[in-house]
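Novice: can't give you the sequence, but here's the structure:
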């Protein structure tokens, strides 16, 4: 934990990688493998505890609470009931990892699976409560659920329809377009990431096990274990403030007000990333000692290099979030999450009457009432000019400056590089 904005914050992050189909973003799935060993261990321990519970006689089971179904990874395709149960069983902590944003977007749009509020509150470490008829009451004092997702630009818009979405400013974004080259899929070769991923998975599992050995926290109302604390030096705090102040000023001066919330929340992301770096370095520097982590009383300090790296990472995230936001101005229809409705909108002429829309819809297999519902939904998305005559529609055009640009050279908003003009205190290997 660390102290930030007058509240205690943990290390949870929400991240997303966006790229066209076939561009190579599947490599992000390797990140999921880093967590797989820990998840398998927790599942195995939970199953062993469940088996032992089931072996008890009836009277003993009635006296003994059922063991929790502990795990690290929550399925993205989960109901709110399942997510609530998982939160209770895992002390409010977990990871939602999926390589298909579209799958998550569909779940969030369902009545039974919309856990958007959980993600928003988890980023801020605000208490999450859910109380519904015929379901167990759920209260998590400080949720800490991390999210890692990948998908295409179209699926990203299904997840985050516009800049007004609270989720957008809480995401650490990365987007790219892969080189259009064919890669031999038959050759035998060794992936250089294999050994690295395997080593990281062992370390993540070991660090988690060490944190589970920490003594109980006497100040915790729920009997949690004592956290491992970290904090930034005054000089490092100043570097974060200067960098974010510069970014915040430039997005406002550059007429990118919608990115202001991204900058504000990126500062917390940077602190969290620096804390993760510091924790892992401490583990390595102590000879991968679980005892050192379990018994550590003093707060950890990141090095200056770790803080600078964290700021560079979130700076990239802000710039890439701005690139993703550009889609909403380049293509106003990008905010249409429903694929069938998007196809209907694309098939409509620039200006048309209701009867023409019905004819277009029928060609797509839509009923008249379905067309009318679609038109009402598209109007709510502000995709048409104001109607001057009943039953007459005209699509809104993208801004002239964007429309005049060719697709490969669309103006991409940028933000200035991180400001390190005032050197940080050189703490070398630093006191941990």
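Specialist: Okay, I see it. Predicted, not measured: the structure shown is a model, and the values here were computed from it.
Novice: quick one: the residue nearest to residue 248 when sequence neighbours are not counted and residue 250, what's the gap?
Specialist: Nearest non-adjacent residue to residue 248, counting by Cβ to Cβ, 6 or more residues apart in numbering: residue 263, 4.7 Å away. Bear in mind the C-beta positions are built from the backbone N, C-alpha and C, glycine included. Noted for residue 263: a distance of 9 Å to residue 250, by Cβ to Cβ, to the nearest Å.
Novice: Give me the more crowded residue out of the two.
Specialist: residue 263 (25 against 15; other Cβ atoms under 10 Å).
Novice: Can you find the helix or strand of the protein with the lowest average pLDDT?
Specialist: In the chain, no helix or strand scores lower on mean pLDDT, DSSP states H and E than helix 400-403, which sits at a mean of 38.
Novice: quick one: secondary structure of residue 251?
Specialist: Under DSSP: H, G, I helix; E, B strand; the rest coil, residue 251 falls in the helix class.
Novice: Oops, could you answer that again for residue 17 instead?
Specialist: strand.
Novice: which residues does it form a beta bridge with?
Specialist: Beta-bridge pairing for residue 17 (DSSP bridges): residue 150, residue 174.
Novice: Need the per-residue pLDDT for it.
Specialist: At residue 17, the model reports a pLDDT of 95.
Novice: again, but for residue 234
Specialist: 95.
Novice: now swap in residue 302 and tell me
Specialist: 96.
Novice: Which residues are in contact with it?
Specialist: Applying Cβ atoms under 8 Å, 6 or more residues apart in numbering to residue 302 gives the contacts 230, 232, 236, 274, 275, 277, 278, 281, 310, 430.
Novice: Kindly indicate the member of these with the most neighbours.
Specialist: Going by other Cβ under 10 Å, residue 274 tops the contacts of residue 302 with 31 neighbours.
Novice: Confirm that one sits in a strand?
Specialist: No - counting by three-state DSSP, residue 274 is located in no strand; its state is helix.
Novice: Test my guess that it contacts residue 232.
Specialist: Yes - using Cβ atoms under 8 Å, residue 274 is in contact with residue 232, at 6.9 Å.
Novice: still on that earlier bit, looking at the contacts of residue 302, which is nearest residue 145?
Specialist: residue 275 (17.0 Å; Cβ to Cβ).
Novice: separation between that closest one and residue 102?
Specialist: 32 Å.
Novice: Then residue 21?
Specialist: For residue 21, the distance to residue 102 equals 11 Å [Cβ to Cβ].
Novice: Neighbour count: these two, which is higher?
Specialist: Comparing residue 21 with residue 102 by other Cβ under 10 Å, the one with more neighbours is residue 102, at 18 against 11.
Novice: how about the nearest residue to the more buried one, chain neighbours excluded?
Specialist: Of all residues apart from its sequence neighbours, residue 155 sits closest to residue 102 (Cβ to Cβ, 6+ apart), at 4.0 Å.
Novice: and residue 145, that one's in a strand?
Specialist: Yes - judged by three-state DSSP, residue 145 forms part of a strand.
Novice: What residues are bridge-paired with it?
Specialist: residue 94.
Novice: when you give positions from now on, start the count at 40
Specialist: In the new count, where the first residue is 40, that last one comes out as residue 184.
Novice: and residue 255, what does it touch?
Specialist: Per Cβ under 8 Å, 6+ apart, neighbours of residue 255: 262, 263, 264, 265.
Novice: For the last one, which non-adjacent residue is closest in space?
Specialist: Of all residues not flanking residue 265 in the chain, residue 256 sits nearest, at 4.2 Å (Cβ to Cβ, 6+ apart).
Novice: got it, and the second one?
Specialist: The shortest distance from residue 263 to any non-neighbouring residue, by Cβ to Cβ, 6+ apart, is to residue 256 (5.4 Å).
Novice: Next, count neighbours for residue 355.
Specialist: Residue 355 - counted by other Cβ under 10 Å - has 15 other residues nearby.
Novice: And it, how far from residue 303?
Specialist: Residue 355 is 17 Å from residue 303, where distance means Cβ to Cβ.
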